[in-house]
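Undergrad: could you look at this predicted model? Sequence included:
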Amino acid sequence: TIKFSIAFLETIQFYKEPNFLACFIIICKISYKKDKKCIIYIERWASMNVEYFNNLPNTKKILLKITLIGILSALSYVGVLIQIPIPSPIGKPMIHLGNLIVIISALLFGGIIGGASGSIGMGLYDLIHGYDIFSIIRTIILKLVMGLIVGFVYRKLLKDKNPKVTIFQLFIGIFFILIGSIFLIIAVKYNGVWVNSTTGQKATIYWPIYSFSLLIGILFVISFIFTKRLPYNLQIINLATSIAIIVNIFGEFIYKVVKQLTMYGTPLTGSMVMGLMSIPATLLNGIITLVIVLSIYLPISSALYKKA
């Protein structure tokens, strides 16, 4: 099987890409870890073809990216299968590893590949498991955006080498805490309803507004405290992943609110409460993803480039 796979790869010349080859080697080693002859054969074959990696034509690079997206999409799908359901009055929230695959893929191969892989893999999961069309579209959009954000922020800051990157997290955290505190003070002072003294217009300040803002701000500050002494590349990984997680939380919240308003006719207050109920699962999922990414990225990237 291994010889046939390698012959096929040599025929279409997919092997002329370091990360793809490294992934192929790792997958083969996991699949055939008990067969030392297969592993030796794979390593010898890889060592003979390393020198040709950089000569891949653009048309074959595109074909390679499509193949890589297919592999990573499958991994994203499997990542969602590894899940812990969470009881909720709305939707089917769960802790899963799908977002982990999206972020790791975006860090290793770029935002487009990572985002597209998550959109296809996790969107396919929603489709197969009976989620409605709006949930499927939500998943496709959010995972694509997550991958693009992680890929762009990571590569941009890695190139610019900004040593004060963690300060951005602190500023973002303080900003959200400040906004949340202002709304909280106004809500307490005016019993949740602010009245414009000039025009007489009223504005209701719902508690999810300031709760959400304070929660995000605290998350960023805690992230800043625990990562400021990490190596620079882990700092920017932490920042890029944190931003993507926050965007995902916002997206999930807005989706739940809009869905309750339009599909079920729930009043705005009730819709916002239902949307807020989805935040704990999304936030917990994001924190777990962030911790795992910071723990495994360096070993994975080192293994990939060492093999390449």
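TA: Yep, that arrived. Numbers count the residues shown, from 1 in each chain.
Undergrad: quick one: the strands in the stretch 1-150 of the chain?
TA: 83-85, 94-96 (DSSP state E, counting those that start in this stretch).
Undergrad: nearest to residue 284, of those strands?
TA: Nearest to residue 284, of all the strands of the stretch 1-150 of the chain, is strand 94-96, at 6.2 Å by Cβ to Cβ. Just so you know, the C-beta spots here come from the backbone N, C-alpha and C atoms, and that holds for glycine as well.
Undergrad: quick one: list the elements packing against the closest one.
TA: For strand 94-96, the packing partners by 3 or more Cβ pairs under 8 Å, 6 or more residues apart in numbering; DSSP states H and E come out as helix 58-81, strand 83-85, helix 279-307.
Undergrad: note down every partner strand of it and its orientation.
TA: strand 83-85 (antiparallel) (DSSP bridges).
Undergrad: buried residues, the partner strand. List them.
TA: residue 83 (16 or more other Cβ atoms under 10 Å).
Undergrad: rewinding a little: using a markdown table, lay out the strands of the stretch 1-150 of the chain together with mean pLDDT.
TA: Putting those into a markdown table (pLDDT from 0 to 100) gives the following:
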| stretch | mean pLDDT |
| --- | --- |
| strand 83-85 | 78 |
| strand 94-96 | 78 |
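Undergrad: turn those strands into a markdown table, including distance to residue 298.
TA: Shown next, in a markdown table, are the strands of the stretch 1-150 of the chain (distance: least, Cβ to Cβ, whole Å):
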| stretch | distance to residue 298 |
| --- | --- |
| strand 83-85 | 26 |
| strand 94-96 | 23 |
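Undergrad: of the ones you listed, which approaches residue 114 most closely?
TA: strand 94-96 (16.4 Å).
Undergrad: what helices and strands are in contact with whichever strand or helix holds residue 272?
TA: Secondary structure from DSSP states H and E places residue 272 in helix 268-277. Applying 3+ Cβ pairs under 8 Å, 6+ apart, one finds that helix 268-277 makes contact with helix 207-227, helix 232-263.
Undergrad: most packed of those?
TA: helix 232-263 (a mean of 20; mean count of other Cβ atoms under 10 Å).
Undergrad: list the helices and strands it packs on?
TA: helix 98-109, helix 133-160, helix 165-189, helix 207-227, helix 268-277, helix 279-307.
Undergrad: pLDDT below threshold where in this structure?
TA: 1-56, 86-93, 163, 190, 192-210, 273, 276-277, 280, 303-308 (pLDDT under 70).
Undergrad: same thing but at 90, please
TA: 1-68, 71, 81-98, 108-110, 129-132, 134-135, 154-243, 245-250, 252-308 (pLDDT under 90).
Undergrad: in stretch 158-171, what's buried?
TA: 158, 165, 166, 168, 169, 170.
Undergrad: contacts for that stretch?
TA: The set of residues external to stretch 158-171 that reach it, using Cβ atoms under 8 Å, 6 or more residues apart in numbering, is 157, 220-221, 223-224, 227-228, 232-233, 235-236, 238-239, 242.
Undergrad: tell me the one of those residues nearest residue 272?
TA: Nearest to residue 272 among these, with distances taken as Cβ to Cβ, is residue 220, at 22.2 Å.
Undergrad: what's the closest of the helices and strands packed on strand 94-96 to residue 271?
TA: helix 279-307 (13.7 Å).
Undergrad: what helices or strands is that closest one leaning on?
TA: helix 18-31, strand 94-96, helix 98-109, helix 207-227, helix 232-263.
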